[in-house]
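Engineer: Make a model of this:
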Amino acid sequence: MADPIGDAIQALNVLLVPTADGTGSPTETPLFTTIQTLVQAIFNASPSMKTVSSDITGALTEAATVISAIAKAMQTSTGSLSDIGSAMTGLQNILSMAQSLAPAGTSVVLNSASTLFQNIENQLTALAGEAGQSMATAGTELAQLAQLITGLSALFP
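Structural biologist: Residues are numbered from 1 along each chain as shown. Below you'll find the predicted structure:
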């Protein structure tokens, strides 16, 4: 079985390289600077594009914050990867119930959160199936992924 979080980190290495422990800032590659120049030219073209850029940056930052918090908890946890998967399922169930009771305008936010937790659970389930994967290793990979997502937000003006 593949390491989905490690694969994502590896794919992003052409732009950013994470630190070994996922703390601090990732190292930007020369390609990152080239892509950043292009992306910033596109998103600085009009006020509407700047608004979209701001929304993308906000979404990346918020997702990285959630992933980082989960990573920190995992790195210090004595539980197993399957315990985390069960917790994510519980969170999704709560969000689903809240979505069914909430006013229509808030359902999009709750659905987005549920989807994020579903994706993280899928990644952790895949990691749990790999021999030798520990909670600390998975936590470090999530910290690196959060670090890279935060770094990617710098692409946008």
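Engineer: Helices of the chain, start to end?
Structural biologist: Using DSSP state H, the helices of the chain run over 4-12, 30-43, 47-76, 81-101, 107-128, 135-152.
Engineer: from those helices, which stretch is densest packed?
Structural biologist: helix 135-152 (a mean of 22; mean count of other C-beta atoms under 10 Å). Bear in mind the C-beta positions are built from the backbone N, C-alpha and C, glycine included.
Engineer: the bottom helix or strand of this structure by mean pLDDT?
Structural biologist: Of all helical and strand segments in the chain, the minimum by mean pLDDT, DSSP states H and E falls on helix 107-128, at a mean of 74.
Engineer: That one to helix 4-12, inter-axis angle?
Structural biologist: 100 degrees (axes from the mean of the first three to the mean of the last three C-alpha atoms, to 10 degrees).
Engineer: which residues touch the residue nearest to T78 when sequence neighbours are not counted?
Structural biologist: Among residues not flanking T78 along the chain, M135 sits closest, at 7.8 Å (C-beta to C-beta, 6 or more residues apart in numbering). When contacts are counted by C-beta atoms under 8 Å, 6 or more residues apart in numbering, M135 touches 74-75, 77-81, 84.
Engineer: where does this protein have low pLDDT?
Structural biologist: 1-2, 81, 127-132 (pLDDT under 70).
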